[in-house]
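Trainee: Take this sequence and fold it.
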Amino acid sequence: MSNSTSVPGIQGTDPDAAVLDGAYRKATWRLIPFIFVCYLFNYLDRVNVGFAKLEMLDALQLSETVYGLGAGIFFLGYVAFGVPSNLILHRFGARRWIAVMMVAWGSLSACMLFVTTPLEFYVLRFFTGVAEAGFFPGMVLYFTKWFPSHKRGQVMALFMSAIPVSGLIGGPLSGWMLSHFAHGQGGMDGWQWLFLLQGVPTVLLGVGVWFYLNDGIKQASWLSHEEKTAMQAALDRDEQQRSSGVHAVHSFGQVLRDWHVWMLGFIYFSIQMGVYAINFWLPSIIKALGFENATTVGWLSAIPYLFAGVFMVLVGRSADRRRERRWHLTAPLLMALVGLLLAANFSSNVVIVMIGLSLATMGALTGLPMFWPLPAAFLGSAAAAAGLALINSMGQIAGFLSPFLVGWIKDATGSTDVALYLLSSVLFVGAMLVLVVPARLVNR
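Mentor: Residues are numbered from 1 along each chain as shown. Next up is the predicted model:
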């Protein structure tokens with residue numbers, strides 16, 4: 001007997017569940033590990049400046065404010081080119097455009113080793129942001145071509161676990177690079193080797209994208225005809241359900257006029273304010289606790305990311321299993337808030353600060369994959385490319401503001417405590433706004 005189930009409100013039945021489940025497993029194992037590695041290097045290339053800072057500032061005589069501005073100016077390019085880049089991807093296909101982006105940003109990231117002045121630092125960071133702008137929203141759009149809404153919580157969590165893994169691996173690796181190349185091997189300082197050795201693999205992965213990824217189900221030769229039919233039918237039903245929703249958005253004009261999109265953009269902004277403060281300042285906060293050795297700072301920086309990686313996957317599975325989205329996002333954001341307050345209020349206690357930083361990292365990073373099923377749940381396919389990119393670009397404004405504000409506050413006060421209080425307030429507002437999103441739109 002066929003293991004078929006009816007879909008409420010839609011005539012007919014699902015394809016055989018075993019075929020569909022097998023197709024999803026095959027697609028997950030085929031796509032996610034490779035895309036995971038690409039995103040891991042995307043994040044390393046984006047935030048490795050946080051470790052390079054430990055040596056770079058003294059070597060180039062840069063202030064904390066200059067560093068904060070340089071770290072943040074990346075996101076001006078990122079925000080400016082987010083929507084155009086995603087529209088190009090939508091028109092020409094993920095495989096071609098992602099390959100071009102990765103080769104470009106890997107090359108620019110490696111070229112950071114040639115920086116000698118603040119202006120050169122700013123220019124390279126800006127154009128690296130331009131090159132990376134379409135990658136993440138492009139991947140969110142790419143997953144909508146393979147997985148229906150109720151599957152994306154776990155898929156996004158697996159994909160975005162590359163962020164904590166990049167911290168888990170990147171922290172000790174970056175610390176080791178700074179220590180190992182501290183003697184100026186090859187005529188370069190440790191921070192220069194760091195940019196080179198973390199940029200080149202991205203270029204190679206970009207070449208791999210061209211040969212490995214498929215633009216969609218129809219091009220996947222590794223799926224059988226029966227599996228392709230089952231997956232496409234599931235996507236068609238998912239799109240029909242979204243299109244029938246009260247707040248379904250189908251055009252870019254509707255995207256700009258819909259207040260839900262702007263509210264979601266601010267929620268994502270609040271999440272990213274916490275995420276980028278952690279990414280760019282975690283090594284410096286740990287160093288301020290009295291740990292001067294770069295290798296030690298690297299290993300201690302890995303601890304919060306280790307907990308975050310496990311927590312992110314568990315919450316993603318729970319959200320999909322329970323078909324519940326809002327509280328699976330709100331609770332991690334409140335956890336991040338508590339963590340930042342602990343780190344600020346007990347800044348002289350190493351154990352409590354590490355616990356606070358771990359809670360903040362777990363909550364903020366888990367908020368990222370838990371957020372993305374929300375906009376995808378009511379953006380129609382015609383609006384998805386521009387809508388997802390617009391929301392992502394709004395969130396990435398935090399990438400400019402967060403490191404710049406933390407750097408400016410630290411220069412002004414000699415401490416990051418005031419900045420952590422400010423970030424906690426923003427996270428609280430974002431958590432409360434999540435509960436404004438109608439449950440019926442997103443709990444699927």
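
Trainee: After the helix or strand bottoming out on mean pLDDT in the chain, which helix or strand is next? Please name it.
Mentor: Counting by mean pLDDT, DSSP states H and E, the chain has its least confident helix or strand at helix 252-257, which shows a mean of 66. Downstream of helix 252-257, the first helix or strand assigned by DSSP states H and E is helix 259-288.

Trainee: Give me the distance from that next one to the chain's centre.
Mentor: Averaged C-alpha coordinates place helix 259-288 at 10 Å from its chain's average position (CA atoms, centre = their mean, to the nearest Å).

Trainee: After that helix, heading C-terminal, what element do we hit next?
Mentor: Defined by DSSP H and E, the subsequent element after helix 259-288 is helix 294-322.

Trainee: which strands and helices sit next to that next one?
Mentor: Here helix 294-322 touches helix 49-60, helix 152-160, helix 162-180, helix 259-288, helix 326-345, helix 350-371, going by 3 or more CB pairs under 8 Å, 6 or more residues apart in numbering; DSSP states H and E. Any C-beta I mention is one placed from the backbone N, CA and C, and that applies to glycine too.

Trainee: With mean pLDDT and mean neighbour count added, can I get those in CSV?
Mentor: Listed next are these as CSV, based on pLDDT from 0 to 100; neighbours: other CB atoms under 10 Å:
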stretch, mean pLDDT, mean neighbour count
helix 49-60, 78, 21
helix 152-160, 78, 24
helix 162-180, 79, 22
helix 259-288, 82, 23
helix 326-345, 89, 22
helix 350-371, 90, 24
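
Trainee: G72 is nearest to which of those?
Mentor: When the helices and strands packed on helix 294-322 are compared by CB to CB, helix 259-288 sits nearest G72, at 8.2 Å.

Trainee: orientation of the closest one relative to helix 294-322 in degrees?
Mentor: Angle of helix 259-288 versus helix 294-322, following axes from the mean of the first three to the mean of the last three CA atoms, to 10 degrees, is 150 degrees.

Trainee: Just the angle for helix 259-288 relative to helix 49-60, thanks.
Mentor: Going by the same axes, to 10 degrees, helix 259-288 is angled at 50 degrees with respect to helix 49-60.

Trainee: Could you tell me the angle between helix 259-288 and helix 350-371?
Mentor: Orientation check (the same axes, to 10 degrees): helix 259-288 against helix 350-371 gives 160 degrees.

Trainee: related to what we said a few turns ago, would you mind giving the helices and strands packed on helix 294-322 as JSON lines with distance to F404 added?
Mentor: What follows is the helices and strands packed on helix 294-322, written out as JSON lines (distance: least, CB to CB, whole Å):
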{"stretch": "helix 49-60", "distance to F404": "13"}
{"stretch": "helix 152-160", "distance to F404": "24"}
{"stretch": "helix 162-180", "distance to F404": "21"}
{"stretch": "helix 259-288", "distance to F404": "10"}
{"stretch": "helix 326-345", "distance to F404": "18"}
{"stretch": "helix 350-371", "distance to F404": "18"}
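
Trainee: These: which one's closest to V123?
Mentor: Checking the helices and strands packed on helix 294-322 against V123 by CB to CB gives helix 49-60 as the closest, at 14.0 Å.

Trainee: got the angle for that closest one vs helix 162-180?
Mentor: Interaxial angle of helix 49-60 relative to helix 162-180 (the same axes, to 10 degrees): 30 degrees.

Trainee: Which elements pack onto helix 49-60?
Mentor: helix 64-92, helix 118-132, helix 162-180, helix 190-212, helix 259-288, helix 294-322.

Trainee: If we use 7 Å, what do you get?
Mentor: The contact analysis (3 or more CB pairs under 7 Å, 6 or more residues apart in numbering; DSSP states H and E) places helix 49-60 against helix 64-92, helix 162-180, helix 190-212, helix 259-288.

Trainee: Any chance of those in JSON lines with distance to F41 as columns?
Mentor: Shown next, in JSON lines, are those (distance: least, CB to CB, whole Å):
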{"stretch": "helix 64-92", "distance to F41": "16"}
{"stretch": "helix 162-180", "distance to F41": "8"}
{"stretch": "helix 190-212", "distance to F41": "5"}
{"stretch": "helix 259-288", "distance to F41": "15"}
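
Trainee: and of the helices and strands packed on helix 294-322, who's closest to N392?
Mentor: helix 259-288 (7.1 Å).

Trainee: same for that closest one, what does it pack against?
Mentor: Judged by 3+ CB pairs under 7 Å, 6+ apart, helix 259-288 is in contact with helix 49-60, helix 294-322, helix 326-345, helix 350-371, helix 381-413, helix 417-434.

Trainee: How far does the shortest one sit from its chain's centre?
Mentor: Relative to the centre of its chain, helix 49-60 is centred 23 Å away, using CA atoms, centre = their mean.

Trainee: where's I303 relative to D236, distance?
Mentor: Computed as CB to CB, to the nearest Å, the I303 to D236 distance reads 45 Å.

Trainee: If you count surrounding residues, which of those two has more?
Mentor: Neighbours per residue, other CB atoms under 10 Å: of I303 and D236, the larger number sits with I303, 18 against 12.

Trainee: related to what we said a few turns ago, compare the helices and strands packed on helix 49-60 and give me the one nearest V353.
Mentor: Nearest to V353, of all the helices and strands packed on helix 49-60, is helix 259-288, at 7.4 Å by CB to CB.
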